[in-house]
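K.L.:
Fold the following.
(one chain, ligands or ions: 2)
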Amino acid sequence: MFFHDKTYDIDELARWNLHIHTNFSRCAKPEMVARDIVKTADEAGLEIIALTDHNYPHKPNAVAQQRYDLTRELDGFERNVKVLIGAELSSYGINKFADDIACDNSLDYRLYTTNHYHQDYWEHPEAKTPRAYAEHMLAIMEGVIESGRADCFAHPFMAGYVKAFDDFHDVTRAFKDNEIGDIMEKAHKKEIAWELNVPAIFGDHAFFNRYFHIGKEVGVVFNLGTDAHALSNVDPKKFADELKRILY
Ligand SMILES: [Zn+2]
Ligand SMILES: [Zn+2]
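P.N.:
Residues are numbered from 1 along each chain as shown. Ligands and ions are numbered 1, 2, ... in the order given. Predicted coordinates for the structure are as follows:
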């Protein structure tokens, strides 16, 4: 489902940060304690945040317990910001999901990643070509859309974790405009939003400029996420000028 109005104004989008890791994610800094994240978001005047820790196929449904623990940590903690307790969920192959659908549906926000190719359990296409990776990612996204499990795609199309090529941008160059538009439209009809993921955008200006313009044309909902692993990245407003320069 959608959590806010549709807008293509970066300053408006920067009031919401729908991709933040807590210290439940091994990759996040120990300072990412739920209450301190919420306090930081309140001080920055944010309106909605989402806590989105990773899940793993070898630890099925662990995010349901995490959700319970985070809810308890925040219980009674006064705040203005609306907090969604979700997860960055993995579709690690075509129609491959780490958790039961009931676990996914118990979360406030289901942010689906389709391209964590650096993880040893992630499936790869048979052919090691940029086009094969692009097709593989599209097929995983199709599966997620059909599954009805997602509210948003995390850093969609991003190829930074594909280590097979000298230049990972060859993979994003292999997506055709009509493919991007078609899948965006399909997801939109199922109320799945598309993430403007700050580190992904900073790593691939040309692709994400294309992505932003195609998404606008199709009329999708974009959700902004900084993929924060440190408190200094909880407030997206500090990235707004750079994002405008790249995307507009
Ligand atoms: Zn990710
Ligand atoms: Zn993340």
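K.L.:
only C-alpha atoms for contact and neighbour calcs from this point on.
P.N.:
Noted.
K.L.:
quick one: average pLDDT of the single longest strand found in the chain?
P.N.:
Assignment by DSSP state E gives strand 82-90 as the longest strand of the chain. Mean pLDDT, strand 82-90: 98.
K.L.:
where does it sit relative to the chain's centre, distance-wise?
P.N.:
10 Å (CA atoms, centre = their mean, to the nearest Å).
K.L.:
what pairs with it, and is each one parallel or antiparallel?
P.N.:
If you go by DSSP bridges, strand 82-90 pairs up with strand 48-54 (parallel), strand 110-113 (parallel).
K.L.:
Could you list the residues in contact with the longest one?
P.N.:
Spelled out, that is strand 48-54. 15-22, 24-25, 41, 63, 81-90, 109, 111 (CA atoms under 8 Å, 6 or more residues apart in numbering).
K.L.:
Excluding chain neighbours, what is closest to the spatially most central residue of the chain?
P.N.:
The centre of the chain sits closest to Ala154, judged by CA atoms, centre = their mean, with a distance of 2.0 Å. Take Ala154 and drop its neighbours on the chain: the residue closest to it by CA to CA, 6 or more residues apart in numbering is Thr113, 4.9 Å away.
K.L.:
Look up the closest residue to Phe24, ignoring the ones flanking it.
P.N.:
Asp53 (6.5 Å).
K.L.:
what number of residues lie near that neighbour?
P.N.:
25 (other CA atoms under 10 Å).
K.L.:
partner residues bridging it?
P.N.:
Bridge pairing for Asp53 - DSSP bridges - gives Ala87.
K.L.:
From Asp151, how far off is it?
P.N.:
Computed with CA to CA, to the nearest Å, the distance linking Asp53 and Asp151 is 15 Å.
K.L.:
How about Phe77?
P.N.:
Phe77 is 26 Å from Asp151, where distance means CA to CA.
K.L.:
Kindly report the same for Thr113.
P.N.:
From Thr113 to Asp151 the distance is 11 Å (CA to CA).
K.L.:
got it, and Trp194?
P.N.:
Here Trp194 is placed at a distance of 9 Å from Asp151 (CA to CA).
K.L.:
what's stretch 101-113 in contact with?
P.N.:
Contacts of stretch 101-113 (CA under 8 Å, 6+ apart): 50, 52, 61, 63-64, 67, 84-91, 144, 149-156.
K.L.:
Then stretch 199-213?
P.N.:
155, 158, 160, 169, 172-173, 180, 226-227, 243, 246-248.
K.L.:
Buried ones in that stretch, by neighbour count?
P.N.:
Applying a neighbour-count criterion of 16 or more other CA atoms under 10 Å, one finds 200-201, 204-205, 207-209, 211-212 buried in stretch 199-213.
K.L.:
re the thing from before, averaged pLDDT, the following helix or strand past the longest strand of the chain. What do you get?
P.N.:
Heading C-terminal from strand 82-90, the first helix or strand you meet, by DSSP states H and E, is helix 101-105. Here helix 101-105 scores 96 as its mean pLDDT.
K.L.:
Dump helix 101-105 to CSV, keeping only the CA atoms.
P.N.:
C-alpha atoms of helix 101-105 as CSV (Å, rounded to 0.1, in the frame of the first residue of the first chain):
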residue,chain,number,x,y,z
ILE,A,101,3.8,-14.5,3.6
ALA,A,102,2.1,-14.3,7.0
CYS,A,103,5.4,-13.0,8.4
ASP,A,104,5.6,-10.4,5.7
ASN,A,105,2.1,-9.3,6.2
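K.L.:
when you give positions from now on, start the count at 336
P.N.:
Sure, I'll start counting at 336 from here, so that last one is helix 436-440.
K.L.:
And that helix, how far out from the chain middle?
P.N.:
So, by CA atoms, centre = their mean, the centroid of helix 436-440 is 17 Å from its chain's centroid.
K.L.:
Alright, I will stop here.
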